[in-house]
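Colleague: Fold the stuff below for me.
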Amino acid sequence: MNAHVTGTPRWHRLLPGGGGGNAPRGIPSVCSGHPLVVEAAVRQALADGGPVLVEATCNQVNHMGGYTGRRPAEFRDDVMAIAAAAGLPAQRVLLGGDHLGPSPWRGMPAPEAMASAAETVAAYVSAGYQKIHIDTSMGCLGEPEQLDDDIVASRAANLVAVAEQEATRAGTAPSYVIGTEVPTPGGAHQAIQAIAPTAPASVAATLAAHRAAFARQGVPSAFERVVAVVVQPGVEFDLGKVVVYDRAPASALPGVLAGAEGLAFEAHSTDYQPAYALRQLVEDGFAMLKVGPGLTFAMREALYGLDHAAIAMGRPPELSLARTMEEEMLARPGHWSAYYTGSEDERRMWRHFSYSDRIRYYWPAPGPRRGVQALLDFFEGAPVPEVLVSQYLPSLVARVRQGELEPMARRLVLVAVGDVLSTYTAAVQA
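Modeller: As a prediction, this is how the structure comes out:
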């Protein structure tokens, strides 16, 4: 069921040198602002010999700072510094803005929310981000939760017009990703059983609406730099469940690309998908695979494993990183309280271990940052005992025993995240 795209896929223009004849069939998009995740992604790119695409959402990074406290230019500098320290050439680092639109301000009337969205888009483009995902699919104050194609397209075109003005000043030509059936950033908020794929007719309507809106807004040439359209392939995750890709319900989607002028699909919420499902997604035209919470989930698993190892080695339990994170989440419940229900024990479990990984909002805070550093410092440059790697990080112990992986604490965290990323690079290079 491989998708056949006429000509060179537009997304290849993002690749160093334009892709060339040996370009991969897809590219993973690392949607995380955590330095350890970014470093793991950079090191994966070094190992694979390809580029790394790192994207920040408008909730993480925006013109007001976002929940990470960083503006687009600051986030760019952080990523480039990590790449430089690891030895990855700057031309192999691609930057993207994800879900750029009114989402952080949707509690305001639409004109005010869109004005803030425009400022954020301008900040991303002026900072040199090459890939701009415009997401105006959500309603603002007093509007329906999901808007129709024409409104979404009209608002997207307004933001693209802002981006084009800024690109002219900066001397750049960003690539765009559009769509109207955009999954909720960070996974589903309610329990899910199945997800219906986007209908081919809906994809055609989305493309037609955006083409017309771009023309009305006076930026028709920008539509030629649309590289992908976000559609729902039928993948999602909630607190404790992952809906794995099933080709059969989505079988009509690949055919849409045959007449789509080199466009690809972009798949969101691909976190926790098995390797075979990622490979099938790429084969079926989903060239761009977004992953974010699944990476910070792997990072948290590794850090908590080290936390247990440190306590087993005599570190006082009251210094536990898990305890630090619990205190931080209870002190500032805004990022999780509306999403986690059930008994107190269940809510405690979800706070730390849910697939939706809302704990990721707390890592940038000063207390958690100090907690992570103190945990890594506890090991004082000495190897983590192999028996404790076996007990608390069992997926890594075989490589430790075989001498392939030195069990240094920070390195173990990076490798744990890199193992997730390696399934993506294998899928796009298959």
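
Colleague: chain center to the longest strand that the chain contains: distance?
Modeller: If you go by DSSP state E, the chain has its longest strand at strand 93-100. How far strand 93-100 lies from its chain's middle: 9 Å, per C-alpha atoms, centre = their mean, to the nearest Å.

Colleague: buried residues in the next helix or strand after that strand?
Modeller: Using DSSP states H and E, the next helix or strand after strand 93-100 towards the C-terminus is helix 110-126. Neighbour counts over helix 110-126 (16 or more other C-beta atoms under 10 Å) mark 110, 113-114, 116-118, 120-126 as buried. For glycine as for every other residue, the C-beta is placed from the backbone atoms N, C-alpha and C.

Colleague: One more: stretch 209-220?
Modeller: 209-214, 217, 219.

Colleague: Which residues does it contact?
Modeller: Contact with stretch 209-220 is made by 149-150, 152-154, 156-158, 160-161, 164, 178, 180, 222-223, 226, as judged by C-beta atoms under 8 Å, 6 or more residues apart in numbering.

Colleague: out of those residues, which is most surrounded?
Modeller: Of all those, the highest neighbour tally under other C-beta atoms under 10 Å goes to Ile178, namely 31 neighbours.

Colleague: can you map out the strands along the stretch 301-430 of the chain?
Modeller: Remark: no strands are assigned in the stretch 301-430 of the chain by DSSP state E, counting those that start in this stretch.

Colleague: one step back: can you add distance to Leu253 and pLDDT and give the buried residues of helix 110-126 back as TSV?
Modeller: As requested, the buried residues of helix 110-126 are exported to TSV (distance: C-beta to C-beta, whole Å; pLDDT from 0 to 100):
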residue	distance to Leu253	pLDDT
Ala110	31	98
Ala113	31	98
Met114	30	98
Ser116	33	98
Ala117	29	98
Ala118	32	98
Thr120	30	98
Val121	28	98
Ala122	33	98
Ala123	34	98
Tyr124	29	98
Val125	30	98
Ser126	35	98
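
Colleague: If you tally nearby residues, what's the number for His12?
Modeller: 18.

Colleague: Contacts only, for the nearest residue to it once chain neighbours are set aside.
Modeller: Leaving aside its sequence neighbours, His12 sits nearest to Gly19 (C-beta to C-beta, 6 or more residues apart in numbering; 3.2 Å). Counting by C-beta under 8 Å, 6+ apart, Gly19 makes contact with 8-9, 12-13.

Colleague: Can you select the buried ones among those for me in PyMOL?
Modeller: To isolate the buried members of the contacts of Gly19 in PyMOL, using 16+ other C-beta under 10 Å:
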select buried, resi 9+12
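
Colleague: Thr341: which of the contacts of Gly19 is nearest?
Modeller: Pro9 (42.5 Å; C-beta to C-beta).

Colleague: re the thing from before, quick check: mean pLDDT of the longest strand of the chain?
Modeller: When pLDDT is averaged along strand 93-100, the result is 97.

Colleague: again with stretch 381-393
Modeller: 97.

Colleague: same deal with stretch 42-60?
Modeller: 96.

Colleague: That stretch: which residues count as buried?
Modeller: Buried-residue list, stretch 42-60, by 16+ other C-beta under 10 Å: 42-46, 48, 50-60.

Colleague: now the end-to-end length of that stretch.
Modeller: Counting by C-alpha to C-alpha, to the nearest Å, you get 19 Å between the two ends of stretch 42-60.

Colleague: Quote the end-to-end distance of stretch 178-194.
Modeller: So stretch 178-194: terminal residues 24 Å apart, C-alpha to C-alpha.

Colleague: gap between Leu421 and Ala264?
Modeller: 20 Å (C-beta to C-beta, to the nearest Å).
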